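K.L.:
Build me a model from this:
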Amino acid sequence: MDKILEGLVSSSHPLPLKRVIVRKVVESAENWLDEAQCEAMFDLTTRLILEGQDPFQRQVGHQVLEAYARYHRPEFESFFNKTFVLGLLQQGYHSLDRKDVAILDYIHNGLRLIMSCPSVLDLFSLLQVEVLRMVCERPEPQLCARLSDLLTDFVQCIPKGKLSITFCQQLVRTIGHFQCVSTQEKELREYVSQVTKVSNLLQNIWKAEPSTLLPSLQEVFASISSTDASFEPSVALASLVQHIPLQMITVLIRSLTTDPNVKDASMTQALCRMIDWLSWPLAQHVDTWVIALLKGLAAVQKFTILIDVTLLKIELVFNRLWFPLVRPGALAVLSHMLLSFQHSPEAFHLIVPHVVNLVHSFKSDGLPSSTAFLVQLTELIHCMMYHYSGFPDLYEPILEAVKDFPKPSEEKIKLILSQSAWTSQSNSLASCLSRLSGKSETGKTGLINLGNTCYMNSVIQALFMATDFRRQVLSLNLNGCNSLMKKLQHLFAFLAHTQREAYAPRIFFEASRPPWFTPRSQQDCSEYLRFLLDRLHEEEKILKVQSSHKLSESMGYNETSLQEVASKAAVLTETPCTSDGEKTLIEKMFGGKLRTHICCLNCRSTSQKVEAFTDLSLAFCPSSSVENLSFQDPASLPSTQDGGLMQASVPGPSKEPGVCNPATAAFVCDSAVSERMVDSSDEFRCTEETSVPNDSSKILANKDVPQKPGGEITPSVTDLLNYFLAPEILTGDNQYYCENCASLQNAEKTMQITEEPEYLILTLLRFSYDQKYHVRRKILDNVSLPLVLELPVKRTTSFSSLSESWSLDVDFTDISENLAKKLKPSGTEEACCPKLVPYLLSSVVVHSGVSSESGHYYSYARNITGTESSYQMCHQPETLALASSQSHLLGRDSPRAVIEQDLENQEISKEWFLFNDSRVTFTSFQSVQKITSRFPKDTAYVLLYKKQNSTNGLSGNNSTSGLWVNGDPPLQKELMDAITKDNKLYLQEQELNARARALQAASASCSFRPNGFDDNDPPGSCGPTGGGGGGGFNTVGRLVF
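P.N.:
Take a look at the predicted model:
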């Protein structure tokens, strides 16, 4: 029968005829044959299967072999023995090579035919050894896929015990050698299918024998981390990732990143190749593992690897966005790489040229999936442009391309950036040992204490948080200048963009320290602030004079030349600055004007003077003035004869209707202690026809004014401001020399603010001089800090006849540290009440300690821009008028109380920040208000208020222009380069420190105080984590840290 079949398949008969004869041959298998005839038939069919010249011959071989093996099983078992199978695997078949896939297919089919025979066990044992040998020979993908099919169907052939681990490791290496040189879709699909079969085999083995998983993964890492230039592991290894249990991710990544045997070069290679895996079309979870490894490296502060890999692979990852199958994973990895690379715009700018084309392409196809993808990509792009503003030429085309897609809010952008940075403390993979010293969750940067420099740090943070001032400073073009303003711009830029937890302001400190300040000793922050603003103001005036006289050959002048030019500038700038364009930046931001009016009580002649100020020093008024501020109209006072002194009297509560007394306008303007009626005008007017009773109305305190434990009313900043502006009788040693009388006379002095500053700086005069002991003692009285302050401003039309001078500190005798008690007014002002200008509290500098010679400074601050919508909604134009009765005054809340309540309700919980040298934490306005009641030695000292409903020229700079993407102006290239360089240096420092710690003590423990310490210990405490930057002293008179 074998001869007939052999002649038939090689004959030239028609194919249908051949098929009929073959069918007859198959049917004859049921007939009895002797062993020799069966062996001849098995040998022929084997030859047809393995060496058939065409598909028909191979098909005939399979059909006949299966039929005869089924009916003559013992004979086939004898034919398909260990020796025959071993020969096929080791020597091949005649001209057929042993690595031909046909041999594996033949053995696979033969195993199915003798599966029920006892001898199959011997074949299983043989194949367990042979398949291990085969994978060690690195078979091609096709052969390996056929082997995987065989082992999947006959798991008994998979090596057992220790050999199973070796087999898995060798199979991983084999996958690592896979290559597909074809670019045709059909061949590529076939290649992917072959790789999938092999990876599925490994998955089955891992499930059956879990002990093989970890060695297999170690082999994967060994392959992808190889630095052998002659070997490039296949991207097909990506097919294994989807089979690794995700619950192992944390353990495996930590093991990899903390293994001292893994060199940086190897880790870099491994990470780069894992990123290449994003190209594998069917791989799942590759992005998850890549991001996990990126986070793991950040957790152990191996920033050099992260920088190198990001710059090397960011464009490749971006290009993967073009391919739908791998787009989701590529976008996830791209987002993490960009958002975590926050020390430099270099990575982002590598992909910026390609963004517009990608966006236009996906917008044009109109697919829902493309639109959803573009929404995610747009959010990522906005985050990066926000973080690296200042490149309008690069960003404007992108902004135009993505203008139709939603833009995330600033709060969301800040949250995303803070959570994504390498130095983010929220990194879930960061252990106690590798806790990062990067920025806190606030995203703000602290200032390192350089040795009792907390007075400077607290002031600088308050100025930095003055948003409009900061933006103006950063927008200045100071290239080639070595001025103090340039150094302040440098400091502000670093506070905004450094990756460091805290920045050391050494250069600025040396440039801004007053000459009489002894280094490393206690100083007054208010005095420092005045000196700083004075220097900045005078310096800008000098530079303007130099520019106008073409004297700008050298900008780096010393103190001597500075004084010489200043003297010239004083002559050239005697004419007062009247327009905003002529004002210096300090004048625009902090400058106000104060008019002093003195009236001789003998001849009634008057003199007045207008002076500029940048801060107001507020003395503490007697306690009775807080509880009962009452004044008499001059018409009701008894006449004074011969220059006799006016006697002060405090009348009782009046039941008469209130009258707006021009002389007491400064007091009446406090809406917390008065009632206002709504009118069409926002000026406060008084009617001259109103009758004036002998006792003027008593100004009532708000029912919600905080009280001291003993029942006394706690004074507010408004009370101190009113006391500052109250009329004063100059008598005794303070008598006024009247030129008209040509002698010293009693006089009345009043002060009025005629021009309000953009930022109002208030200093509370807490340090009084004790003449007995010759020391400056601190007034520890608590002061209520209103969130909303209304400043009485009495604007004048023209003061051209008055002499004006710029004075940074209004230094009158009545506002010294021990003010004389102010007396009753005589009422010489014109009948017009000042307008109330609203201010919102921006920052508070707190002094912690019992004297001016000891203690600590820290500050509370928040971001406030030119306008506050909540204030505008609440505060409509109103007219001030006293109510007709006391009961009506108390009948409803004052407008300012309504405003404050609304602002508190709308205030987000983390709006306020506590700056304590290097530490920056979230806090709340409630903590600011209660600081002195909780910690009696911690008292508000310097306050910064921001004027509302104002326009300062900054509103035009917004994201639509492409210039001020994040609200702050673009940085000069010189500044950006310096920040980028320092950020790289910082990451290198962190990496070196982490490696040193790992070498010194792998099991060392550490503990950290919680961020919310200000609710337990005083923020000014000088403990290990307090404001001091070092261990503190427990003595009461501790030094300033």
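
K.L.:
Please work out how many residues are found near Thr980.
P.N.:
16 (other C-beta atoms under 10 Å). C-beta here means a position set from N, CA and C on the backbone, and glycine is covered the same way.

K.L.:
How about the contacts made by it?
P.N.:
Thr980 sits next to His343, Ser344, Pro345, Glu346 when contact means C-beta atoms under 8 Å, 6 or more residues apart in numbering.

K.L.:
so how far is Cys738 from Ile291?
P.N.:
Remark: distance between Ile291 and Cys738 (C-beta to C-beta, to the nearest Å) = 81 Å.

K.L.:
Okay, now the unreliable bits of this structure?
P.N.:
Residue ranges of the chain with pLDDT under 70: 1-11, 390, 392, 423-439, 549-581, 622-712, 796-833, 865-910, 949-967, 997-1041.

K.L.:
of Ile291 and Cys738, who's got more company?
P.N.:
Cys738 (22 against 18).

K.L.:
Looks like that one contacts Cys600 (just checking).
P.N.:
Yes. Between Cys738 and Cys600 there is a contact under C-beta atoms under 8 Å: 4.2 Å.

K.L.:
shared neighbours of the two, anything?
P.N.:
With C-beta under 8 Å, 6+ apart, Cys738 and Cys600 have common neighbours Gln745, Ala747.

K.L.:
mind listing the helices for the stretch 401-550 of the chain?
P.N.:
For the stretch 401-550 of the chain, applying DSSP state H, counting those that start in this stretch gives helices covering 410-420, 454-464, 467-475, 484-497, 506-512, 525-548.

K.L.:
Could you list every helix and strand in contact with the fifth one?
P.N.:
Applying 3 or more C-beta pairs under 8 Å, 6 or more residues apart in numbering; DSSP states H and E, one finds that helix 506-512 contacts helix 454-464, helix 484-497, helix 525-548.

K.L.:
residues making contact with the shortest one?
P.N.:
Counting by C-beta under 8 Å, 6+ apart, the neighbours of helix 454-464 from elsewhere in the structure are 447, 449, 469-470, 491-492, 495-496, 505, 508-509, 512-513, 522-525, 528-529, 532, 842-846, 856-859, 861, 915, 917, 942, 944, 1027-1028, 1040-1041.

K.L.:
cool, and stretch 929-939?
P.N.:
Contacting residues not belonging to stretch 929-939 are listed as 764, 766, 778, 780-785, 846-850, 855, 860, 940, 1014, 1018-1020 [C-beta under 8 Å, 6+ apart].

K.L.:
Flag every buried residue along that stretch.
P.N.:
Across stretch 929-939, burial judged by 16 or more other C-beta atoms under 10 Å covers Gln929, Ile931, Thr932, Phe935, Lys937, Asp938, Thr939.

K.L.:
Which of the three states applies to the first one?
P.N.:
Going back to what we said before, that points to Gln929. Secondary structure state of Gln929, per DSSP: H, G, I helix; E, B strand; the rest coil, is helix.

K.L.:
Tell me how far the most centrally placed residue in the chain lies from Leu339.
P.N.:
By C-alpha atoms, centre = their mean, the chain has its centre lying nearest to Ser418, at 3.4 Å. Separation of Ser418 from Leu339 (C-beta to C-beta) stands at 10 Å.

K.L.:
Kindly report the same for Phe913.
P.N.:
To Leu339, Phe913 is 22 Å away according to C-beta to C-beta.

K.L.:
Give the full set of residues in contact with Pro406.
P.N.:
For Pro406, the contact set (C-beta under 8 Å, 6+ apart) comprises Val375, Thr378, Glu379.

K.L.:
let's see 10 Å
P.N.:
Neighbour list for Pro406: Val375, Thr378, Glu379, His382 [criterion: C-beta atoms under 10 Å, 6 or more residues apart in numbering].

K.L.:
With Gln523 instead?
P.N.:
By C-beta under 10 Å, 6+ apart, the residues touching Gln523 are Asn452, Thr453, Cys454, Tyr455, Met456, Arg513, Pro514, Trp516, Phe517, Ser852, Tyr857, Val1040.

K.L.:
Compute the inter-axis angle for the longest strand belonging to the chain and helix 454-464.
P.N.:
Longest among the strand segments of the chain by residue count, using DSSP state E, is strand 835-848. Inter-element angle recorded for strand 835-848 and helix 454-464: 150 degrees (by axes from the mean of the first three to the mean of the last three C-alpha atoms, to 10 degrees).

K.L.:
which element follows strand 835-848 toward the C-terminus?
P.N.:
strand 856-861 (DSSP states H and E).

K.L.:
Only alpha carbons, please: show that following strand as CSV.
P.N.:
Provided in CSV are the C-alpha atoms of strand 856-861 (Å, rounded to 0.1, in the frame of the first residue of the first chain):
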residue,chain,number,x,y,z
HIS,A,856,11.8,85.7,66.4
TYR,A,857,9.9,87.0,63.3
TYR,A,858,7.7,85.1,61.0
SER,A,859,4.9,86.1,58.7
TYR,A,860,1.4,85.1,57.5
ALA,A,861,0.5,86.0,53.9
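
K.L.:
quick one: strands adjacent to it?
P.N.:
Strand 856-861 pairs in its sheet with strand 835-848 (antiparallel), strand 912-916 (antiparallel), by DSSP bridges.
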